[in-house]
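# Test case, fold it:
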Amino acid sequence: MCKHVLNAQVSIRAPCCKQWFDCAECHADTQDHRLAKTNEMAFICKKCKKAFRKDMTNYEDSDEYCPHCDNHYVIEAKTPQAVVGVEGEDARIDSRMLKDDRVRQDPKRSILRRDDFSDILG
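Now for the predicted structure:
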């Protein structure tokens, strides 16, 4: 499982060490040499688990699909992103931080209601 590309559809065979990797960063993390460049690449589809080769010198739009199962493997990569969230107590214990948007809020309800000031001011 690749930690760099979360939706990798194929594994790529590195021509330099003949090992399979999900992305070039995985190769760089585990190997002590640079990834060699080649004109013909070998892939394994993660959907049907079958290997296939692609010639990169005349790559076409139809080459973006697995020849065995038509899985579209050239897609925009989803990379892990840092998530900013609110830390609080367990919502099952203390639910004061939660607001239910399904409940209709009364627009007249306020901390300071004007009708309360009439008897104070005289």
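
# make it CA atoms for all contacts and neighbour counts henceforth
Noted.

# In this structure Val10 contacts Asn71, no?
No - using C-alpha atoms under 8 Å, Val10 is not in contact with Asn71, being 9.5 Å away.

# what touches both of the two?
Taking C-alpha atoms under 8 Å, 6 or more residues apart in numbering as the criterion, Val10 and Asn71 both touch Cys45.

# Tell me which stretches of the protein form strands.
For the chain, applying DSSP state E gives strands covering 10-13, 20-21, 40-45, 51-55.

# Adding mean pLDDT, distance to Cys66 and mean neighbour count, write the ones you listed out as TSV.
Putting the strands of the chain into TSV (pLDDT from 0 to 100; distance: least, C-alpha to C-alpha, whole Å; neighbours: other C-alpha atoms under 10 Å) gives the following:
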stretch	mean pLDDT	distance to Cys66	mean neighbour count
strand 10-13	90	9	22
strand 20-21	92	17	18
strand 40-45	91	7	18
strand 51-55	90	8	15
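
# In JSON lines: these, plus distance to Gln81.
Compiled in JSON lines, the strands of the chain are given as follows (distance: least, C-alpha to C-alpha, whole Å):
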{"stretch": "strand 10-13", "distance to Gln81": "21"}
{"stretch": "strand 20-21", "distance to Gln81": "21"}
{"stretch": "strand 40-45", "distance to Gln81": "25"}
{"stretch": "strand 51-55", "distance to Gln81": "31"}
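
# looking at the chain, which helix or strand is least sure?
helix 118-121 (a mean of 58; mean pLDDT, DSSP states H and E).

# Now Asp22: closest residue in space, sequence neighbours ignored.
Ser11 (4.5 Å; C-alpha to C-alpha, 6 or more residues apart in numbering).

# if we can go back for a sec, figure out which of the strands of the chain is closest to His4.
strand 20-21 (11.3 Å; C-alpha to C-alpha).

# residues contacting Cys45?
Gln9, Val10, Ser11, Ala51, Phe52, Cys66, Asn71, Tyr73.

# at 7 Å what do you get?
Gln9, Val10, Ser11, Ala51, Cys66 (C-alpha atoms under 7 Å, 6 or more residues apart in numbering).
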